[in-house]
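Novice: give me a 3D structure for the following:
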Amino acid sequence: MKKNILLGLTGSIACSKAEQFVKNYKNNFNFKIIASHSSLNYLSKDFIDNNDVITDWEDIEGSPHIELARFADTFLIYPATANFIAKVNTGIADDLLTSTVLMFTKALYICPAMHEEMYLNPKTQRSLLELSQDYFILGPRFGKLDIGDEGYGRMIEPKELYDTISKNRDKIIVTSGPTIEPIDDVKVISNQSSGKQGKAIAHELLTRGYEVIYLHSANILPIPGAENYSFNTSAELFNLMIEVSIDTAYIFMVAAVSDFILDKETGKISRGNGDINLNLRENTDLIKEFKAKFPHIVTISFSAQTDNLNNFEKVRSKNSDYLVINNIIQNKFGSNENQVKVLDKDNVLLSSDVTTKNTIASEIIDLVLS
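Specialist: Numbers count the residues shown, from 1 in each chain. Modelled structure (predicted):
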């Protein structure tokens, strides 16, 4: 029996992908389409004439927002503009599309499409984070945008949307950013990790329809669409890894975990006391401990090195399935670009070019999840 799909369209040039989605999968689903007035500017006449496209209340008899909401097994907003996202997040129901969203009680997927500056605007990010508590946020991905630009904001492709709504995808943990180990109640030991590579991997996995649990340093922003948890210390990170591991298939251990920890002093150590010595001790290898507890979870470890050596000893000692190595002398912390090698216990599986961290993320995921 075909699933009933209600497809909501908003005013974006990405409506062309929605047309392609309907064309590709009209034999898989029963479609009904709600088009906002602004979306009509981006839809072809052929598409409007040959599909069940509804825009206004008077287009069908009765109470269309109720009837359409009850027709659908799944509701897709593809594409979703920044304006639509802001309206839905505040509960505005000033047209047929937004009214139907408020009526709908099943699985609703929102696929953002906009320029990078609009997507990264704090108001849009805040709206998406809040909406992700109730709805599925798919994308956007990093890629080509309007007027020849490139960045975050490109709507996911029709095949990616189909794959997501047609089958369950694995649950994957991604850790990101530095750990912060306290010296006293004021001072800490940390590192310069920006969390950009972990963020890029989480974004790419979300775009492909995976369920992402994003464990991020407290000084790094959460990601809309992921299940977000923040940590400070390596102990907090490890506890979260254990806590969210049920039914997890993979863990991308991208977080920069401190190699050393120390016993925290209560209060504030005053410089008036003169020089102090810190008693640093070796930290636990989190991924090694995690793999010992959960041998069935595929682990992808990350190692920041100051050389280009193929460190097979490290991947074996951690009992990790994969090790991603990057040279932090050549590719500084905080850069938007990276260059990596991916190893298993015996072979170099990938040697990337110097390229964006988004491209690196895609290449690693292609390799590991193929």
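
Novice: distance check, Lys106 against Phe136.
Specialist: 11 Å (Cβ to Cβ, to the nearest Å). Placement of C-beta: from N, CA and C, glycine included.

Novice: typed the wrong thing, it's Ile33
Specialist: On the measure of Cβ to Cβ, Ile33 and Phe136 end up 19 Å apart.

Novice: more neighbours: which of these two?
Specialist: Taking neighbours as other Cβ atoms under 10 Å, Ile33 and Phe136 compare with Ile33 leading, 23 against 19.

Novice: need the pLDDT of the closest residue to Lys288 other than its chain neighbours.
Specialist: Among residues not flanking Lys288 along the chain, Lys318 sits closest, at 4.7 Å (Cβ to Cβ, 6 or more residues apart in numbering). Lys318 is assigned 90 on the pLDDT scale.

Novice: try Pro224
Specialist: So Pro224 comes in at 76 (pLDDT).

Novice: so how many other residues sit close to it?
Specialist: Around Pro224 there are 24 residues (other Cβ under 10 Å).

Novice: who are the contact partners of it?
Specialist: Gln125, Leu128, Leu129, Leu131, Ser132, Ile137 (Cβ atoms under 8 Å, 6 or more residues apart in numbering).

Novice: check contacts around the second one.
Specialist: Taking Cβ under 8 Å, 6+ apart as the criterion, Leu128 is in contact with Ile85, Ile110, Pro112, Ile137, Pro224, Gly225.

Novice: just give me the closest of the residues you listed to Asp275.
Specialist: Using Cβ to Cβ, Pro224 comes nearest to Asp275 of the contacts of Leu128, at 46.9 Å.

Novice: quick one: secondary structure of the closest one?
Specialist: Using DSSP: H, G, I helix; E, B strand; the rest coil, the structure places Pro224 in coil.

Novice: how about it: what's its closest non-neighbour residue?
Specialist: Of all residues not flanking Pro224 in the chain, Leu128 sits nearest, at 3.4 Å (Cβ to Cβ, 6+ apart).

Novice: which stretch of helix or strand covers the one you found?
Specialist: helix 122-131 (DSSP states H and E).

Novice: what average pLDDT does that helix get?
Specialist: So the average pLDDT for helix 122-131 ends up being 92.

Novice: buried residues in it, which are they?
Specialist: Thr124, Ser127, Leu128, Leu129, Leu131 (16 or more other Cβ atoms under 10 Å).

Novice: before we move on, back to that, ok, now how distant is the residue nearest to Pro224 from Phe104?
Specialist: Look at Leu128 and Phe104: by Cβ to Cβ, they are 18 Å apart.

Novice: doesn't Phe71 make contact with Leu6?
Specialist: Yes - counting by Cβ atoms under 8 Å, Phe71 is a contact partner of Leu6 at 6.5 Å.

Novice: out of the contacts of Leu128, which two sit at the greatest distance?
Specialist: Every pair of the contacts of Leu128 checked by Cβ to Cβ; the farthest is Ile85 and Gly225, at 12.0 Å.

Novice: hmm, back to that, possible to save the contacts of Leu128 as TSV with distance to Ser176?
Specialist: Shown next, in TSV, are those (distance: Cβ to Cβ, whole Å):
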residue	distance to Ser176
Ile85	24
Ile110	23
Pro112	21
Ile137	18
Pro224	15
Gly225	15
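
Novice: which among the residues you listed gets closest to Phe29?
Specialist: Minimum distance to Phe29 across the contacts of Leu128 is 18.0 Å, recorded for Ile110 (Cβ to Cβ).

Novice: parallel or antiparallel, which strands does the helix or strand where that closest one lies pair with?
Specialist: Here Ile110 sits within strand 107-112, counting by DSSP H and E. With DSSP bridges as the test, strand 107-112 is paired with strand 74-80 (parallel), strand 136-137 (parallel).

Novice: can you give the contact residues for that strand?
Specialist: Contact with strand 107-112 is made by 73-82, 85, 88, 101, 119, 124, 128, 131, 134-140, 153, 155-156, 161, 164-165, as judged by Cβ under 8 Å, 6+ apart.

Novice: ok, for Gly198, nearest residue in space, not its chain neighbours?
Specialist: Going by Cβ to Cβ, 6+ apart, Gly198 has Ser176 as its nearest residue, at 2.6 Å.

Novice: His203 is in contact with that neighbour, correct?
Specialist: No - Ser176 is not in contact with His203 according to Cβ under 8 Å; the separation is 10.7 Å.

Novice: how many residues are close by the closest residue to Met155 other than its chain neighbours?
Specialist: Closest residue to Met155 apart from its sequence neighbours, by Cβ to Cβ, 6+ apart: Ala113 at 3.7 Å. Ala113: 29 surrounding residues under other Cβ under 10 Å.

Novice: if I look at Ala113, how far off is Leu120?
Specialist: Taking Cβ to Cβ, one finds Ala113 at 14 Å from Leu120.
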